[in-house]
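Engineer: model this:
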Amino acid sequence: MIDRLLETLPTLDVGQNLDEQARSVLRLIFERDPDRTIAPGQGRPDLCPNCDAPEPSARTPYCGEKCRDTAAFVRQVRTSLVEETILDPNRQVAFGQTLWRLAGGGRPYRQALILDNARERVLRRFEGRCALCGEHAVTIDHVGSG
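Structural biologist: From the prediction side, this is the model:
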């Protein structure tokens, strides 16, 4: 199944559209790494199963929101592999975007959804400055909402 999936995933190329870039990010988790070590946690109940950090709460095995979201992502990908729905390009885009966010890259696809006239209107409203720090703005984002 993974070999079939790798055949459908594009390789990362700077000139790709955002959907293709998101799909190519999935290669990071499916390409084989011979130097991969055993997963963190090692089954110890006092450590986070994702990062080996001490687990501060008895309510959850994860040390924080990022580790919890990472574990949820892994479960979703595993289910999608079993059901073979991961071969659907739209699902690959969604997984790629989630992985991109979890890796700290934000959500670049959202920037493509902002209409040019809306972007210009927002930049005009804030006089080309960041609403948080006052520096020159290079992108916009809707802060404070889901």
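Engineer: now T79: how far from A58?
Structural biologist: Distance, T79 to A58, by Cβ to Cβ, to the nearest Å: 27 Å. In this view, the C-beta of every residue, glycine as well, is placed from N, C-alpha and C.
Engineer: V82: neighbouring residues, count only.
Structural biologist: Look at V82: counted by other Cβ atoms under 10 Å, it has 10 neighbours.
Engineer: lowest-pLDDT helix or strand in this structure?
Structural biologist: Using mean pLDDT, DSSP states H and E, the weakest-scoring helix or strand in the chain turns out to be helix 108-113, at a mean of 59.
Engineer: which residue is the nearest non-sequential neighbour of P56?
Structural biologist: The shortest distance from P56 to any non-neighbouring residue, by Cβ to Cβ, 6 or more residues apart in numbering, is to C63 (6.6 Å).
Engineer: kindly report the same for M1.
Structural biologist: L81 (5.9 Å).
Engineer: returning to that earlier point: more neighbours, T79 and A58?
Structural biologist: T79 (11 against 7).
Engineer: quick one: secondary structure of that one?
Structural biologist: Classification of T79 using DSSP: H, G, I helix; E, B strand; the rest coil returns helix.
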